[in-house]
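**Q** Model the structure of this input:
(2 chains)
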Amino acid sequence: EAGVTQSPTHLIKTRGQQATLRCSPISGHTSVYWYQQALGLGLQFLLWYDEGEERNRGNFPPRFSGRQFPNYSSELNVNALELEDSALYLCASLVGGWANVLTFGAGSRLTVL
Amino acid sequence: GENVEQHPSTLSVQEGDSAVIKCTYSDSASNYFPWYKQELGKRPQLIIDIRSNVGEKKDQRIAVTLNKTAKHFSLHITETQPEDSAVYFCAAHNNNDMRFGAGTRLTVKP
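**A** The predicted structure is shown next:
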């Protein structure tokens, strides 16, 4: 069984640009979570999608947005990039909405210059 | 929303000693509490989890305890080995999202 896959692995952008990160959940998983992990820091909750809808978002500005497609894959968009957006962005999926094992992808490392 | 606090932020032990990491949560609706291990440059991996209807769970050298009344849960690692060195995250899951603690960097010295 394929795990959670994320692309691209690395992405370099300059301030003010836009970045799009993609995530494919494990087959059968309908929920996708996005987290931001800045260097040496913890996992900050960004967004939760389930059954194609945004269910909850963390304490991030509106320039962080995303969506979930009918096949349950998801993308995270970050507009008007700032230097502090440089981080590892982790996607995770689980079957059902909650109280189940969350499986992480390898992450997309975004560098903003 | 849920808020998870984790202590200590760093922990150094001698090989063979035990390590304990503690977390508290704020939302009484949280009912699932996983622990993840993240080695350098790798993704977080689930090592053990506990649900709110259970007070304790053990898997070989790893155990987790949950006190719902006090809203805290702990990870216990016995007979630590150098390969246990990593960052450990606790998390609490309610019906809105999964929130993580800030992490504990565990170093096991040979």
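
**Q** Can you spell out which helices and strands pack onto the helix or strand of chain B with the lowest mean pLDDT?
**A** Least confident helix or strand, chain B: strand B:98-100 with a mean of 92, by mean pLDDT, DSSP states H and E. In terms of contacts (3 or more Cβ pairs under 8 Å, 6 or more residues apart in numbering or on different chains; DSSP states H and E), strand B:98-100 is packed against strand A:44-50, strand B:86-93. (C-beta placed from N, C-alpha, C; glycine too.)

**Q** who's in contact with the shortest one?
**A** Pointing back at strand A:44-50 there. Here strand A:44-50 makes contact (Cβ atoms under 8 Å, 6 or more residues apart in numbering or on different chains) with A:30-38, A:54-58, A:60, A:64-68, A:74, A:76, A:89, A:97, B:96-100.

**Q** can you check the last one too?
**A** The list of residues contacting strand B:86-93 from outside it, by Cβ under 8 Å, 6+ apart, reads A:42-43, A:98-99, A:102, B:2, B:4, B:6, B:21, B:23, B:25, B:27, B:30-40, B:44, B:47, B:73, B:75, B:98-101, B:103-106.

**Q** Could I have the ChimeraX command that selects the buried members from those?
**A** Listed next is the ChimeraX selection for buried residues among the contacts of strand B:86-93, using 16 or more other Cβ atoms under 10 Å in any protein chain shown:
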select /A:42,43,98,99,102 /B:2,4,6,21,23,25,27,30,31,32,33,34,35,36,37,38,44,47,73,75,98,99,100,101,103,104,106
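
**Q** Spell out which parts of chain B neighbour chain A.
**A** Residues of chain B that fall close to chain A, judged by Cβ under 8 Å from any Cβ of the partner chain: B:1, B:31-32, B:34, B:36, B:42-46, B:49, B:51, B:89, B:91, B:93-103.

**Q** Could you give the bridge partners of the closest residue to A:G58 other than its chain neighbours?
**A** Leaving aside its chain neighbours, A:G58 sits nearest to A:F45 (3.9 Å; criterion: Cβ to Cβ, 6 or more residues apart in numbering or on different chains). Beta-bridge partners recorded for A:F45 (DSSP bridges): A:Y35.

**Q** ok so, going back, want to throw the helices and strands packed on strand B:98-100 into a markdown table with mean pLDDT?
**A** A markdown table is the format used below for those (pLDDT from 0 to 100):
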| stretch | mean pLDDT |
| --- | --- |
| strand A:44-50 | 94 |
| strand B:86-93 | 96 |
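
**Q** I'd like a version of the ones you listed in a markdown table, one that adds distance to A:R15 and mean neighbour count as further columns.
**A** A markdown table is the format used below for these (distance: least, Cβ to Cβ, whole Å; neighbours: other Cβ atoms under 10 Å in any protein chain shown):
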| stretch | distance to A:R15 | mean neighbour count |
| --- | --- | --- |
| strand A:44-50 | 20 | 22 |
| strand B:86-93 | 29 | 24 |
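
**Q** Is it possible to get a markdown table of those strands that adds distance to B:R61?
**A** As requested, the helices and strands packed on strand B:98-100 are arranged in a markdown table below (distance: least, Cβ to Cβ, whole Å):
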| stretch | distance to B:R61 |
| --- | --- |
| strand A:44-50 | 30 |
| strand B:86-93 | 13 |
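
**Q** I appreciate the help and will end here.
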